[in-house]
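>>> Fold the following for me, if possible:
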Amino acid sequence: MSDSLRTGHTYELSPAALAAIRAMLDAAFDGDFTDHDWDHGLGGVHACVEDDHGVAAHGSVIMRRVVHGGRSYRVGYVEAVAVRADRRRQGLGGRVMAALEEVIDGAYEFGALSASDEGAELYRARGWQLWNGRVEAYGPDGVAHLPDEEDTTYLHPAAGRPLPAADAGPLLFDWRDGDIL
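Below is the predicted model of the structure:
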């Protein structure tokens with residue numbers, strides 16, 4: 001089986017390529033991948049592994065603003081990471097994450113993501129660290145506390161830069177429709 005990894009910005013992907021990625025994500029998440037989830041993964045850099053049967057793995061990194069300790073950070077936020085069911089546990093998720101982490105190292109102050117129970121092991125094994133502080137988001141009615149995200153939010157230092165310290169205050173994410181994180 002021949003696997004190829006390619007990266008590209010959303011604008012560089014054809015409508016057919018985007019449709020193939022979306023179809024794989026829908027199947028990988030057992031129909032629990034919403035239009036909002038899809039929208040969250042667009043507008044950044046995609047890493048996609050393809051094999052003889054189509055899209056085998058995907059992830060993207062998009063820019064988000066996070067306020068912490070009185071400062072606004074440009075953060076590489078990882079979205080839409082999945083591996084096709086027949087290709088799981090073969091290192092494809094790690095290949096996708098390595099490509100996304102390279103983008104984070106080159107373009108952002110740190111990386112962030114919200115991990116599912118199934119995905120958390122992959123991220124921890126790659127050096128992502130569970131955030132041990134409060135998570136909040138700007139919302140239409142002001143700042144909203146997101147306690148359910150406090151045990152699923154992981155950070156990754158970019159190019160050796162230090163991560164924010166939990167004792168300096170919450171991570172305050174920008175608002176978006178659907179799941180905020």
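
>>> excluding its backbone neighbours, what's nearest F173?
Nearest residue to F173 in three dimensions, chain neighbours excluded: A137, at 4.4 Å (CB to CB, 6 or more residues apart in numbering). Glycine gets a C-beta too; all of them are placed from N, C-alpha and C.

>>> ok, what's across the strand from the one you found?
Counting by DSSP bridges, A137 forms beta bridges with A144, F173.

>>> shouldn't D151 be in contact with R134?
No - D151 lies out of contact with R134 (CB atoms under 8 Å); the separation is 11.8 Å.

>>> List the buried residues for whichever strand in the chain runs longest?
For the chain, the strand with the greatest residue count under DSSP state E is strand 54-68. Residues of strand 54-68 classed as buried: V55, A56, A57, H58, G59, S60, V61, I62, R64, V66, V67, H68 (neighbour count, 16 or more other CB atoms under 10 Å).

>>> Run me through the strand neighbours of it, direction for each.
strand 45-51 (antiparallel), strand 71-83 (antiparallel), strand 171-173 (antiparallel).

>>> From L163, how far out is Y73?
Distance, Y73 to L163, using CB to CB, to the nearest Å: 10 Å.
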